[in-house]
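> Sequence and computational prediction follow.
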Amino acid sequence: MIRRREFITLLGGAAVAWPLAARAQQPVMPVVGYLDPTSADAEADHLRAFRQGLKDAGFVEGENVEIVYRFAENQRDRLPALAAELVRRQVNVIATRSTGALAAKTATSTIPIVFTLSEDPVRLGLVASIARPAGNATGINFFSTELAAKRLELLREMVPRAARVGLLVNPANAVRTEATVTDVHAAARGMGLQIQVLNASTSHEINAAFATFVRGRPDALFVGTDPFFTSRRTQLVNLASRHALPTAYAGRHYPEIGGLMSYGSNVNDAARQSGAYVGRILKGAKPADLPVVQSSKFELVINAETGRMLDLIVPPTLLAIADEVIE
């Protein structure tokens, strides 16, 4: 027979043990590390699309998944240290874009990596092949650099009198800059255009580049694809407007704030697909078994109001094929 005092002691011990057991049985929330070369403000649309992709896969931030953010604030040399922080944090997946992918790949060969980038991931050594990544990385490859020739062609159609075109690139992103300069020069030769290349990897250098453009006075401007330029899009659009330079950009976020035109992949759609891939990995899929998605959704966006301010008549042929015309 159990005495009353012993029974109370046993009951008290059970009351303590039950909450501990209940806590131990609660599932641990997975953690996604988000590594970005720019800033949260600059990539707000991209982040919303990424979270939507996660949600489509069944994961909602704060409910059943945690996201740890690391932004390099346009200081690319910080990316390796930030990637190492995420590895030490033992996140379940690292989601990254552009040059962040190389930093993540260097930091870990075991934690799954989902990248979003415009360069060829095979050539960069991120995956063994598009169909069979083979390692710990996979993701979304949206064509952007490869579309440089088409973007230049559309700019020429918008500004038929153009003979000299300025090309703005970011030397800090050497791989992308080399590809852009090569593609634009090759396309320009076929169109009989002269190209003036200027570099900018800081806000001050952007101002200096425009000062040079104004002195040389090209007929139009071509802004290369780069996360840094995206983060400085307000500065770029304002300078192009101030100096009345018809300018072609890579993404719709430029004409949405007053840029003349853009042609390129839908980067927000790529971000959504990236989030969906992260969700699949959290559910157990292995990066090696997930083929790299090659985004093929391209869009031409024209800001007709900006065209009128520049005394340009948007050709009917461009209006006919534009995905969106902003009035």
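Nice, I can see it.
> When you work out contacts or count neighbours from here on, use the C-alpha atoms and nothing else.
Fine.
> For this structure, which segments count as helices?
Counting by DSSP state H, the chain forms helices over residues 4-25, 44-56, 79-88, 100-107, 148-158, 174-191, 203-216, 227-231, 233-242, 267-282, 304-309, 316-321, given from the N-terminal end onward.
> Give me the contact list for the fourth one.
Applying C-alpha atoms under 8 Å, 6 or more residues apart in numbering, the set of residues contacting helix 100-107 from outside is 35-37, 79-80, 83-84, 87, 94, 96, 113, 115-116, 124, 126, 137.
> Which of those lies at the shortest distance from Ala200?
Ranking the contacts of helix 100-107 by separation from Ala200, with C-alpha to C-alpha as the measure, puts Pro37 on top at 16.0 Å.
> For the residue nearest to Leu245 when sequence neighbours are not counted, give me its contacts.
The spatially closest residue to Leu245, leaving aside those adjacent along the chain, is Ala220, at 5.6 Å (C-alpha to C-alpha, 6 or more residues apart in numbering). Contacts here follow C-alpha under 8 Å, 6+ apart; on that basis Ala220 touches Leu155, Val159, Ala162, Arg164, Val165, Gly166, Leu245, Pro246, Thr247.
> okay, and for the protein, where does confidence drop off?
The chain contains residues with pLDDT under 70 at 1-27, 143-146.
> ok, now how distant is the spatially most central residue of it from Ser39?
Ranked by distance to the mean C-alpha position of the chain (C-alpha atoms, centre = their mean), the top residue is Arg97 at 5.2 Å. As defined by C-alpha to C-alpha, to the nearest Å, Arg97 lies at a distance of 12 Å from Ser39.
> hmm, back to that, make a ChimeraX selection of the buried ones in the contacts of helix 100-107.
Restricted to buried positions by 16 or more other C-alpha atoms under 10 Å, the ChimeraX selection for the contacts of helix 100-107 reads:
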select :35,36,37,79,80,83,84,87,94,96,113,115,116,126,137
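> Quick check: the farthest pair among the contacts of helix 100-107?
For the contacts of helix 100-107, the farthest-apart pair by C-alpha to C-alpha is Val87 and Leu124; their separation is 21.0 Å.
> is it true that Val32 touches Asn64?
No: between Val32 and Asn64 there is no contact, the gap being 11.1 Å when judged by C-alpha atoms under 8 Å.
> So which of these two has more stuff around it?
When neighbours are counted by other C-alpha atoms under 10 Å, Val32 and Asn64 differ, and Val32 comes out ahead with 24 against 13.
> partners of the residue nearest to the centre of the chain in the sheet?
On the basis of DSSP bridges, Arg97 is bridged to Thr116.
> same thing with Glu61?
Val65.
> Roughly how far does it sit from Lys283?
For Glu61, the distance to Lys283 (C-alpha to C-alpha) stands at 15 Å.
> before we move on, what about Phe229?
In this structure, Phe229 and Lys283 are separated by 35 Å, where distance is defined by C-alpha to C-alpha.
> So for those two, which residue has more residues nearby?
Taking neighbours as other C-alpha under 10 Å, Phe229 and Lys283 compare with Phe229 leading, 26 against 12.
> The contacts of Ala220 in strands, which ones?
Counted as lying in strands by DSSP state E, out of these, are Arg164, Val165, Gly166, Thr247.
> and those residues, which two are the farthest apart?
When C-alpha to C-alpha is used, the two most widely separated members of these are Arg164 and Thr247, lying 12.4 Å apart.
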